[in-house]
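Participant: my questions concern the predicted model and sequence given below.
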Amino acid sequence: IYKSFYQNQVLKGVTFSVAKGSILGLLGGNGAGKSTLMKIVNGIYRKDKGTILVNGKEEEIHTAADARKCGIAMVYQELSLIPTMTVVQNLFLNAEPHKRFGIDEKECMRQTREAFADLGIDDIDPNAVTGELPIGKQQLVEIVKAMLKNPHVLILDEPTASLTQREITLL
């Protein structure tokens, strides 16, 4: 992958692969291009040139929706939650299960509790106002939100920066 911003070449032929069930960490100093690379894979930025293969098939990822179709989800350093909404509302924003006459709130709550149990989260109230949670718990909500999409690839941009040691262990 190659990417420049004006005259500044940020990525110069970066190649990497991730095998199913593996964890890959990208390390480098500030300005090394890690976040830029992940934003290209997630469709936020466009690559100047290069190829992205998903399951051996070349994919053109121009938008976050393209990335989602490829099974890619990303949790950014910057939180994207709506602080005045509840945890469960944030988890299903624009992806709510529906019943005949509107949103199926019971199904949202069931899926939330199931996801929290699967991930070992027992100290976040799904009905809590998100903005009233500590930053580390908000980061966990972001991660759960991404996991609810059942991604094949989950990209975490500095996920432990705002977490406590217990939350890091959980992650």
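Facilitator: Received the coordinates, thanks.
Participant: leaving out the residues flanking it, which one is nearest to Leu53?
Facilitator: Spatial nearest neighbour of Leu53, chain neighbours left out: Glu59 (7.1 Å); criterion: CB to CB, 6 or more residues apart in numbering. Every C-beta, even on glycine, is put in place using the N, C-alpha and C of the backbone.
Participant: count of neighbours near that neighbour?
Facilitator: 17 (other CB atoms under 10 Å).
Participant: and it, what are its bridge partners?
Facilitator: Ile52 (DSSP bridges).
Participant: contacts only, for it.
Facilitator: Ile52, Leu53, Asp66, Cys70 (CB atoms under 8 Å, 6 or more residues apart in numbering).
Participant: which two of these have the greatest separation?
Facilitator: Of all pairs drawn from the contacts of Glu59, the greatest distance, 14.0 Å, lies between Leu53 and Asp66 (CB to CB).
Participant: identify the residues contacting stretch 109-121?
Facilitator: So stretch 109-121 is in contact with 87-88, 91-92, 97, 122, 124, 126, 140, 143-144, 147-148, 170, going by CB under 8 Å, 6+ apart.
Participant: now with 6 Å?
Facilitator: Residues outside stretch 109-121 that contact it (CB atoms under 6 Å, 6 or more residues apart in numbering): Val88, Leu91, Pro126, Val144, Leu148, Leu170.
Participant: again, but for stretch 86-99
Facilitator: 81-82, 103-104, 107-109, 112, 126-128, 130, 141, 145.
Participant: the residues you listed, buried ones only, as a ChimeraX selection?
Facilitator: Those of the contacts of stretch 86-99 that count as buried under 16 or more other CB atoms under 10 Å are selected in ChimeraX with:
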select :81,104,108,112,126,130,141,145
